[in-house]
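**Student:** Build the 3D model from these lines:
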Amino acid sequence: MSHTDATRAVEAVWRIESARLVAALTRMVGDVGLAEEFAQDALVSALEKWPDEGVPDNPGAWLTTVAKRRMLDRWRRDERFQKRMADLGRDIAGHDGQAEFDAVLEEDYGDDLLKLMFVCCHPVLSTEARVALTLRLLGGLTTEEVARAFLVPESTVAQRVVRAKRTLAARQVPFEVPVGADRDARLASVLEVVYLVFNEGYAATSGGDWIRPELCDEAMRLGRVLTALLPGEREVHGLVALMELHASRFRARVGPGGEPVPLAEQDRTRWDRRLVMRGFRALRHALSADPAEPRGPYALQAAIAAKHAQAAVVEDTDWAGIAGLYAELAAVTRSPVVELNRAVAVSMADGPGPALDIVDSLSEAGVLDGYHLLAAVRGDLLLRLRRPDEAREEFERAADLTLNERERDHLRGRAVSCAG
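**Tutor:** Numbers count the residues shown, from 1 in each chain. The predicted structure follows:
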């Protein structure tokens, strides 16, 4: 096996096995930073040995064995680690600790993986730290890959991860699945992180690419893992449905030159029907049969995406139904961005005049100052109301506000078209 082939094999195995390994090690040592350190030692060992020795028959077990040895070595030589294990009630001295460690790793790791998700997305961490730590520990991405995906320096991501692990240790965040009222808030944090990752891939906030499918793929993978771990949580299914339905549009969202293609102009025959059907299935799990039971924000957003997917051509879209769903979503979230989206639906159902009233109310409130899509939507409404000079100003302002190069070019093109 060539060195390149071996390296690719290590990377592939790591993506599959790293979360399981880190989760089991965290339960063992009680510290996510220390657990990742042992897991990383195993990764380095694989990169050193597999090119010469070949990929083992059971690569996951191989990594587990090496990580176990690293932990036992640390126990033998480090008094602080011995004290930590004693505080945790871990008796790993007998039989070189192997029986205890093997028993831990052989248990069902599904619960451990869920605990690791809750730890990585703990509210004591900043949003940026939660995203970075989740992609590192649950996605198996390297620091370089996370940095490249979010267009930030590698050192910035490394600092976020280090600080996150220190914060978790200093605050003594327990390795557990929360219960009671705290569970709902903590689960909301987990779903928020997964959706943030997806959104950055679906409509990049900066850089030269309009979409980054690899981030969307990782977010959908994490979402599917969550549905397997929490099959009774409707909002988990709602998030997966929303991501699947949005991802189905990928092939139609980008033009031949990499430019964004608006929803109304997309060739819907290019939408991925397999992902559409998967989204519909997940949405059925997300929506309660009881009409009196309130629907969550992800389920409502997925229901809106499903309305679009049900229309073979844009003219068949049930805009009145979408406007109603946005009204329900706005009542749940109290989000001005949702209200802006409702204005778009209202413009299609009732015309641009009533929609402009909604947008102007948002402008007067100042809650979306600096948000480029507020100006872009207002420009579109003004253009439809035959006020091209005002529309051009709004498109130019939106172009100045966005950080994405593709979107900036698109908005400037719309500003130029207003003159015609």
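**Student:** For the host helix or strand of M277, which helices and strands make contact with it?
**Tutor:** In this assignment (DSSP states H and E), M277 forms part of helix 273-286. Judged by 3 or more Cβ pairs under 8 Å, 6 or more residues apart in numbering; DSSP states H and E, the packing partners of helix 273-286 are helix 234-247, helix 297-309. Bear in mind the C-beta positions are built from the backbone N, C-alpha and C, glycine included.
**Student:** Quick check: which of those helices is nearest to A331?
**Tutor:** Closest approach to A331 among the helices and strands packed on helix 273-286 is made by helix 297-309 (9.8 Å; Cβ to Cβ).
**Student:** got the angle for the closest one vs helix 273-286?
**Tutor:** Calculated by axes from the mean of the first three to the mean of the last three Cα atoms, to 10 degrees, helix 297-309 forms an angle of 140 degrees with helix 273-286.
**Student:** could you say what helices and strands helix 297-309 packs with?
**Tutor:** Against helix 297-309 (3+ Cβ pairs under 8 Å, 6+ apart) you get helix 234-247, helix 273-286, helix 319-333.
**Student:** any idea which of those helices is most buried?
**Tutor:** Compared across the helices and strands packed on helix 297-309, helix 234-247 shows the largest average neighbour count, a mean of 26 (mean count of other Cβ atoms under 10 Å).
**Student:** okay, the angle between that one and helix 273-286?
**Tutor:** Here the directions of helix 234-247 and helix 273-286 differ by 160 degrees (the same axes, to 10 degrees).
**Student:** For my notes, please list the helices and strands packed on helix 297-309 in JSON lines and give distance to P51 for each entry.
**Tutor:** What follows is the helices and strands packed on helix 297-309, written out as JSON lines (distance: least, Cβ to Cβ, whole Å):
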{"stretch": "helix 234-247", "distance to P51": "36"}
{"stretch": "helix 273-286", "distance to P51": "37"}
{"stretch": "helix 319-333", "distance to P51": "51"}
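**Student:** Relative to L138, which of those is closest?
**Tutor:** Per Cβ to Cβ, nearest to L138 of the helices and strands packed on helix 297-309: helix 234-247, 14.8 Å.
**Student:** What's the mean pLDDT across that closest one?
**Tutor:** Helix 234-247 shows a mean pLDDT of 96.
**Student:** which helices and strands does it pack with?
**Tutor:** helix 181-202, helix 213-229, helix 273-286, helix 297-309.
**Student:** average model confidence for the helix holding M277?
**Tutor:** 96.
**Student:** repeat for stretch 393-406
**Tutor:** For stretch 393-406, the per-residue pLDDT averages 93.
**Student:** still on that earlier bit, need the helices and strands packed on helix 273-286 in JSON lines (columns: distance to R253).
**Tutor:** Formatted as JSON lines, the helices and strands packed on helix 273-286 follow (distance: least, Cβ to Cβ, whole Å):
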{"stretch": "helix 234-247", "distance to R253": "9"}
{"stretch": "helix 297-309", "distance to R253": "12"}
